[in-house]
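>>> Predicted model and sequence below, questions to follow.
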Amino acid sequence: MPDIPVGAQIFDLAFHPNRPIVYTGLLTGHIKAFGYDEQGSHEAKFSLRPSKKSCRALALSVDGDQLWAAGKAKAIHTIDVGTGEVVDTRAGAHDAPINRMKRLLPNLLASGDDDGVIKLWDPRKPDAVRQYTHHFDFISDFMWLDDKKQLVATSGDGSLSVMDVRSKKVEPFAQSEDQEDELLSILPIKGGQKVVVGTQLGILSIFNRKSGWGDCVDRIPGHPQSIDALCAIPSHYPNAHSTILTGSSDGLLRAVQLLPTKLLGVVTDHGEFPIERIAVDMGGEGRWVGSAGHEEMLKLTDLKEVFEDDDKEGSDEEAQSDDDAGDGAAAVGEDSDEEDEKVTEVEAEASAEQERSDDEGEEVQEASGGEEEPAEQPRQRKRKKEQDPLNMAKRKKGKNTVEAEPTFFADL
């Protein structure tokens, strides 16, 4: 699909959960929506500017009817996607610019700002439901664990924290040790049993939920620059539970398989512009992956061309190897047929010589009067001496052993 020009740098993007529509939050404060189809064409749906300051974070409701937007203006705007108009504004929702938002439950929304403050919101109420202040640097990303009803947040202070939204405590359920690096992105893998975190140094840190949240259990280097965004691939692809998409500051969107670690390939290239956000449409199960960097356009890449072509090439290679093996077997069969013909010819010549020798023998016998020579007696086998059972333990003479008299060594 051709790139979608938006006219300004994209800070965040969000796909409608069940319709081919993508929303972008821009540096200029604009929020623009675009429709697209499988043929690669796109069209603008609406454009509005609730604030003159940048729009950094977007989140959609479960049904996709409402869009929440926030940014440097410290306010949270509620937008009706059907009309493209702002229906509600929470001015001063945070004391610092809002950097990240995520919908957790149908009536629960999380937001994090540049000072590390996390707030939980009920869209039906004007004030925040809960506030957490245990982080002291910007909130970079959120992850929702639906089985435990826990919110996991990563921060620029080098730690991640886990908050139980069912508890009324303002302290986190758990918090990791200082990882001595900025944590920029987070994503569950292995069916939610493990968590991968992207860092400023380009290392993927693996956390095991069974081992607790105190420290990572594995560190996977390989990215030359920071890993600013992580995204899962649709579940119908092979090894989807351990394959992720990584957006890095070097401008490459990669497909990486974890545990065991393997770079599957580069999905798209943004050139010299770093990748800030990536997402897959249709609730993460669609065909297109959107990626946004510092250039003024949105890239939509077809995942079928990336993963299904690889599978097809792999099957073609297997078929080719099978054909080669079959050709080899046929060649061996041809060679064996030629050898059989040669053996048959040799046997025929040998039998002919045998007949000639028999004829000559008969002629000689007739010339000598017809007396037959006595047949050669078969050789008699020498009977092997029975070994003395008492001497069975004696060591037998080796192949290269020399028997010599003691006087032989005296002269040396």
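Nice, I can see it.
>>> Look at Q39 and report its pLDDT.
We have a pLDDT of 83 for Q39.
>>> Now for the closest residue to H94 other than its chain neighbours: which residues touch it?
Spatial nearest neighbour of H94, excluding adjacent residues (CB to CB, 6 or more residues apart in numbering): D113 at 4.3 Å. Using the backbone N, CA and C atoms, a C-beta is placed for each residue, glycine as well. Residues in contact with D113 (CB atoms under 8 Å, 6 or more residues apart in numbering) are K74, H94, D95, A96, P97, I98, N99, F138, I139.
>>> ok, and the most crowded of those?
In terms of neighbours by other CB atoms under 10 Å, the contacts of D113 top out with I139 at 29 neighbours.
>>> pretty sure it is touching K102, no?
No: contact criterion CB atoms under 8 Å: I139 and K102 do not qualify, at 10.1 Å.
>>> ok, back up a step: which strand residues bridge the residue nearest to H94?
I98 (DSSP bridges).
>>> measure it to D269 for me?
32 Å (CB to CB, to the nearest Å).
>>> mind checking how far A57 is from A240?
For A57, the distance to A240 - CB to CB - is 27 Å.
>>> Over to G222?
For G222, the distance to A240 equals 20 Å [CB to CB].
>>> Contact partners for the closest residue to G202 other than its chain neighbours?
Of all residues not flanking G202 in the chain, H223 sits nearest, at 3.6 Å (CB to CB, 6+ apart). By CB under 8 Å, 6+ apart, the contact list for H223 reads G202, I203, L204, T246, S248, D250, R254.
>>> and K304, how many residues sit next to it?
By other CB under 10 Å, the residues close to K304 number 13.
>>> That one against R287, yeah?
Yes: here K304 reaches R287: they are 5.9 Å apart, a contact under CB under 8 Å.
>>> what sits in contact with each of the two?
The overlap between the contact sets of K304 and R287 (CB under 8 Å, 6+ apart) is empty.
>>> Need the residue closest to the centroid of this protein.
Q257 (1.8 Å; CA atoms, centre = their mean).
>>> For S51, grab the count of nearby residues.
21.
>>> With L258 as the reference, measure out to N99.
Look at N99 and L258: by CB to CB, they are 26 Å apart.
>>> actually V22, sorry about that
27 Å.
>>> Could you check which of the two is surrounded by more residues?
Using other CB under 10 Å, the more surrounded residue of V22 and L258 is V22, with 24 against 19.
>>> wait, that one sits on L298?
Yes: counting by CB under 8 Å, V22 does reach L298; the two are 6.9 Å apart.
>>> Give me the common contacts of these two.
Counting by CB under 8 Å, 6+ apart, the residues touching both V22 and L298 are I4, L13, F34, G290.
>>> Which pLDDT value belongs to the last one?
What it means is G290. pLDDT recorded at G290 is 96.
>>> what's near enough to touch it?
Counting by CB under 8 Å, 6+ apart, G290 touches L13, F15, V22, R277, I278, A279, V280, D281, L298, K299, L300.
>>> neighbours around the last one, how many?
Taking other CB under 10 Å as the neighbour definition, L300 ends up with a count of 20.
>>> Then the first one?
A total of 19 residues lie near L13 under the criterion other CB under 10 Å.
>>> element containing it, please.
Assigned by DSSP states H and E, L13 belongs to strand 10-15.
>>> Can you tell me what sits against that strand?
Contacts of strand 10-15 (CB under 8 Å, 6+ apart): 21-27, 54-60, 67, 71, 276-277, 279-283, 286, 290, 292-293, 296, 298.
>>> Run through the neighbouring helices and strands of the helix or strand just after that strand.
Counting by DSSP H and E, the element after strand 10-15 in chain order, helix or strand, is strand 21-26. Packed against strand 21-26, as judged by 3 or more CB pairs under 8 Å, 6 or more residues apart in numbering; DSSP states H and E, are the following elements: strand 10-15, strand 31-36, strand 55-60, strand 66-71, strand 297-302.
>>> K119 is nearest to which of these?
strand 66-71 (10.6 Å; CB to CB).
>>> Each with direction, which strands does the helix or strand hosting G290 pair with?
In this assignment (DSSP H and E), G290 forms part of strand 288-293. Using DSSP bridges, the strands paired with strand 288-293 are strand 275-280 (antiparallel), strand 297-302 (antiparallel).
>>> taking the mean pLDDT, what do you get for the first one?
Okay, so that is strand 275-280. Computed over strand 275-280, the average pLDDT equals 96.
>>> ok, residues contacting that strand?
Residues outside strand 275-280 that contact it (CB under 8 Å, 6+ apart): 10-15, 228-234, 245, 247-249, 251-253, 286, 288-294, 303.
>>> Please list only the buried members of the residues you listed.
10-15, 228-234, 245, 247-249, 251-253, 286, 288-294, 303 (16 or more other CB atoms under 10 Å).
>>> And for the residue nearest to the centre of the chain, nearest residue in space, chain neighbours not counted?
Nearest one to Q257, counting by CB to CB, 6+ apart, is T243 at 4.9 Å.
>>> quick one, what contacts the one you found?
T243 neighbours (CB under 8 Å, 6+ apart): I233, Y237, A255, V256, Q257, L258, L264.
>>> R90: neighbour count?
For R90, using other CB under 10 Å, the count is 20.
>>> Wait, it touches A69, no?
No: in this structure, R90 is not within contact of A69 by CB under 8 Å, at 11.0 Å.
>>> who touches both of the two?
With CB under 8 Å, 6+ apart as the test, R90 and A69 both reach I76, H77.
>>> which residues of the stretch 251-400 of the chain score low on pLDDT?
Flagging of the stretch 251-400 of the chain using pLDDT under 70 yields the residue ranges 309-400.
>>> try 50
313-319, 321-344, 346, 362-379, 384, 388-400 (pLDDT under 50).
>>> For stretch 244-260, list the C-alpha coordinates in CSV.
The C-alpha trace of stretch 244-260 is given here as CSV (Å, rounded to 0.1, in the frame of the first residue of the first chain):
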residue,chain,number,x,y,z
ILE,A,244,7.2,-9.9,17.6
LEU,A,245,7.7,-6.7,15.6
THR,A,246,10.2,-4.2,16.8
GLY,A,247,10.5,-0.5,15.9
SER,A,248,13.9,0.9,16.4
SER,A,249,15.6,4.3,16.1
ASP,A,250,17.6,3.1,13.2
GLY,A,251,14.4,3.3,11.1
LEU,A,252,13.9,-0.5,10.6
LEU,A,253,10.8,-2.4,11.5
ARG,A,254,12.0,-6.0,12.2
ALA,A,255,10.3,-9.3,12.7
VAL,A,256,12.1,-11.2,15.5
GLN,A,257,11.5,-14.6,16.9
LEU,A,258,12.3,-15.1,20.6
LEU,A,259,13.4,-18.1,22.6
PRO,A,260,15.1,-19.3,20.5
